[in-house]
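Peer 1: when you get a sec, could you give me coordinates for this:
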Amino acid sequence: MKQKTRKSIAKRFKITKKGKVLRMPSGQDHLLSKQTSSKRRRLRKMVKVAEPEAKKIKKLLKS
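Peer 2: As a prediction, the model looks like this:
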């Protein structure tokens, strides 16, 4: 039987064409006035997930 995609994972991660797994960094929800503008700007970009975790995420995203 075909494995279903984990929708909770699909909403949080993105896989690039080359197979890298990207995620949004934490720390963007509240208390942003304390953070510097450069840090807030840096938090907008997606970051690469470490390889051991990326392997698990790819497995959960197989549909």
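
Peer 1: the residue most central in space within the chain: what's it in contact with?
Peer 2: Closest residue to the average C-alpha location of the chain: Arg23 at 1.5 Å, with CA atoms, centre = their mean. Contacts for Arg23 (CB atoms under 8 Å, 6 or more residues apart in numbering) come out as Arg12, Phe13, Lys14, Met46, Val47, Val49. The C-beta positions use only the backbone N, C-alpha and C, and glycine is treated the same way.

Peer 1: now for the residues you listed, which pair is the farthest apart?
Peer 2: Within these, Arg12 and Val47 form the most distant pair, 12.4 Å apart (CB to CB).

Peer 1: can you pull out the residues in contact with the host helix or strand of Lys56?
Peer 2: Taking DSSP states H and E as the definition, one finds Lys56 inside helix 51-61. Helix 51-61 is contacted from outside by Thr5, Arg6, Ile9, Ala10, Phe13, Ile15, Gly19, Lys20, Val21, Lys48, Val49, using CB under 8 Å, 6+ apart.

Peer 1: these two touch, right, the first one and Lys62?
Peer 2: Right, the one you point to is Thr5. Yes - Thr5 is within contact range of Lys62, at 7.3 Å (criterion: CB atoms under 8 Å).

Peer 1: for the chain, give me the ranges with low pLDDT.
Peer 2: Residue ranges of the chain with pLDDT under 70: 63.

Peer 1: if we can go back for a sec, adding distance to Ser38, write the contacts of Arg23 out as a markdown table.
Peer 2: As requested, the contacts of Arg23 are exported to a markdown table (distance: CB to CB, whole Å):
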| residue | distance to Ser38 |
| --- | --- |
| Arg12 | 25 |
| Phe13 | 25 |
| Lys14 | 24 |
| Met46 | 17 |
| Val47 | 16 |
| Val49 | 23 |
